[in-house]
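*Asks:* Here is a sequence with its predicted model. Questions after.
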Amino acid sequence: MQKSKYTIFSQIRDSENWFIINPLTLQADILEPELAKQFVDGTLEDETPFIEKGYLVDPKDEEKLFRQKYLDFIDNRDKDEIQIFFVPWYSCNFNCFYCFQDEYDAPKKPLTQEVTDAFYAHITKAFAGKKKYITYFGGEPLLNSPAAKEATLYFFDQAKAHGLTLSIVTNGYTLKEWAPILATYPIREVQVTVDGMATEHNKRRPLKVRPEEGTFDTIIEGIDAAIAAGLTINLRMVVDKDNINDLPKMADMAIAKGWTKKFGFKTQLGRNYELHHCQSDRSRLFDRVSMYEDLYKKVQEFPQILEFHKPAYSIAKFISENGTLPDPLFDSCPAAKNEWAFDYSGAIYTCTATVGKKGEELGTFWPTVTLDQNQVDLWEERDVTSIPACKECPVQLACGGGCGSVAKNSHNGDVLTPDCRPIKELLEMGLKLYCDTDA
Ligand code: SF4
Ligand code: SF4
């Protein structure tokens, strides 16, 4: 028997204890220091429980189990719902300092009914028999000029006619006005970005015209109106070192307003990072570990944060909430598999990371249908079994190979490269926060 190739083992943050997790056999345990030492040294008095849980294995049996679970994974992925992004325009009424779309040279033309019809005809055929939903995305999709509104309402009417539900990603500035209209459509959720309390948010997310006016108060009114209209809000905060200190106050606000008790209310923290072009001041950016390090300290000082947002810390949150492990993550990037993006120019892309970016098109759905099958095959193939660096990585089944677009950008355009996640470090912190690790 030897140590499993997939076992993740490390010391829990601020604890004497260690954790051992095998995402292939779905087992996890907390080990006291003496037992952890015996495991490391190979001097276990009783190996039986370690063999039963798959921490010690016969490599041939382990390979068999890996193949079987991989086939299950492919099977399940084929049955999963597809998220289809649609960009009606790249125009926006905001001028956020970190927006990457400002570098895109998108053609200025309106979304026509012809393009909308072509889009629905295409997805009906291309994803026939698959569960799917649409995310209406921008630019800012809820612009309220008469022409933009007409195009959006036509698009929503068609979604309804095709029996599809919608999610909306908006900056929230016009949400108060849109909320009663949205409530008449099959809307799953409205994602709104709030980047801190008024002062910080207004600095980062100003209007294009009249930037001195601030947008915070109007967005908060919009969220209140949307919740009152029965819509589900997904509140997103893009964090860096400048605004993370606002997190406790954001939590206080959301709790005081009763948002956190509303059914379906969700939050997400996005890391402000460089994907497409350089930030003018990169010292304010977090890398993957440092953002979670900062959160780890903040949560201990301001526990109300967890009522507002409970960071995943890899699979630590899942384990604490479900008492079991999630299925092995052979692939964390749904691009061109269960996620696609389309825009008003008729172009098809892999996902939100590439949509609108010149040279990243996979094809067109209008005026004619074309698809670069070689590119699609490449994206489809991408998982931990096809990325050479991932094949021997001990955390592969909790990582899934990361984001294909980030990997491609950092490896000379090669999609089959890794975008590494600090899985061990995240688990060290997450298990301390969420599990009774000193018991
Ligand atoms: S390329 Fe990145 S952003 Fe796009 S679907 Fe994959 S993980 Fe998500
Ligand atoms: S992306 Fe990096 S951390 Fe993730 S599985 Fe591949 S090699 Fe491991």
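*Replies:* Right, received. Where do you want to start? Ligands and ions are numbered 1, 2, ... in the order given.
*Asks:* Was I right to think Arg288 contacts Met429?
*Replies:* No: contact criterion C-beta atoms under 8 Å: Arg288 and Met429 do not qualify, at 12.0 Å. Yep, even glycine has a C-beta here, placed from its N, CA and C like the rest.
*Asks:* Looking at those two, which is more packed in?
*Replies:* Met429 (24 against 16; other C-beta atoms under 10 Å).
*Asks:* can you list contacts of the helix or strand that one falls within?
*Replies:* If you go by DSSP states H and E, Met429 is part of helix 423-434. Here helix 423-434 makes contact (C-beta atoms under 8 Å, 6 or more residues apart in numbering) with 8, 10-15, 19, 21, 30, 289, 292-293, 296, 299-300, 311-317, 319-320, 395, 398-399, 437.
*Asks:* what about burial for those residues, which qualify?
*Replies:* 8, 10, 12-13, 19, 21, 30, 292-293, 296, 299, 311, 313-317, 319-320, 395, 398-399, 437 (16 or more other C-beta atoms under 10 Å).
*Asks:* hang on, the earlier thing: out of the contacts of helix 423-434, which sit inside helices?
*Replies:* 289, 292-293, 296, 299-300, 316-317, 319-320, 398-399 (DSSP state H).
*Asks:* which bits of the protein sit near ligand 1?
*Replies:* For the chain, the contact set with ligand 1 under C-beta under 6 Å from any ligand atom comprises 333-335, 339, 350-353, 403-405.
*Asks:* Top of the residues you listed by number of neighbours, please.
*Replies:* Among the residues of the chain next to ligand 1, the one with the most neighbours (other C-beta under 10 Å) is Gly404, at 28 neighbours.
*Asks:* Can you list phi and psi of the closest residue to Glu45 other than its chain neighbours for me?
*Replies:* Closest residue to Glu45 apart from its sequence neighbours, by C-beta to C-beta, 6 or more residues apart in numbering: Gln38 at 6.9 Å. With angles defined as degrees, to the nearest 10, Gln38 sits at phi -60, psi -40.
*Asks:* Then Ala121?
*Replies:* phi -60, psi -40.
*Asks:* okay, it: pLDDT?
*Replies:* At Ala121, the pLDDT value in this model is 98.
*Asks:* What degree of burial does it show, as a neighbour count?
*Replies:* Using other C-beta under 10 Å, Ala121 has 14 other residues around it.
*Asks:* gap between stretch 178-197 and the chain center?
*Replies:* 18 Å (C-alpha atoms, centre = their mean, to the nearest Å).
*Asks:* meant to ask about stretch 64-77, not that
*Replies:* Distance, stretch centre to chain centre, for stretch 64-77: 23 Å (C-alpha atoms, centre = their mean).
*Asks:* Does anything pack onto the helix or strand of the chain with the lowest mean pLDDT? Which helices or strands?
*Replies:* Least confident element among the helices and strands of the chain, by mean pLDDT, DSSP states H and E: strand 266-271 (a mean of 91). The contact analysis (3 or more C-beta pairs under 8 Å, 6 or more residues apart in numbering; DSSP states H and E) places strand 266-271 against strand 233-239, helix 288-301.
*Asks:* can you list contacts of the first one?
*Replies:* Yep, that's strand 233-239 we're talking about. 98, 167, 189-196, 204, 223, 226-227, 243, 247, 250, 254, 259, 262, 264-272, 286, 291, 309.
*Asks:* Relative to that strand, what are the paired strands and their orientations?
*Replies:* Take DSSP bridges as the rule and strand 233-239 pairs in its sheet with strand 187-193 (parallel), strand 266-271 (parallel).
*Asks:* what does the average pLDDT come to for that strand?
*Replies:* Averaging pLDDT along strand 233-239 yields 96.
*Asks:* What does the nearest residue to Gln396 once chain neighbours are set aside show for phi and psi?
*Replies:* Distances taken as C-beta to C-beta, 6+ apart place Val384 nearest to Gln396, at 4.3 Å, with adjacent residues excluded. Backbone torsions for Val384, taken as degrees, to the nearest 10, come to phi -70, psi -10.
*Asks:* Val384: how many residues sit nearby?
*Replies:* Using other C-beta under 10 Å: Val384 sits among 23 other residues.
*Asks:* OK, contacts around it?
*Replies:* So Val384 contacts 330-331, 390-391, 393, 396-397, 399-401 (C-beta under 8 Å, 6+ apart).
*Asks:* 10 Å instead, please
*Replies:* Val384 makes contact with 70, 328-332, 390-391, 393, 395-397, 399-402, 418, according to C-beta atoms under 10 Å, 6 or more residues apart in numbering.
*Asks:* Let me know the outermost residue of the protein.
*Replies:* Centroid-distance maximum for the chain: Glu45 at 43.2 Å, with C-alpha atoms, centre = their mean.
*Asks:* So, low pLDDT: which residues of the protein?
*Replies:* For the chain, applying pLDDT under 70 flags the ranges 100-105, 273-283, 436-439.
*Asks:* Looking at it, which helix is longest?
*Replies:* Max-length helix for the chain by DSSP H is helix 59-79.
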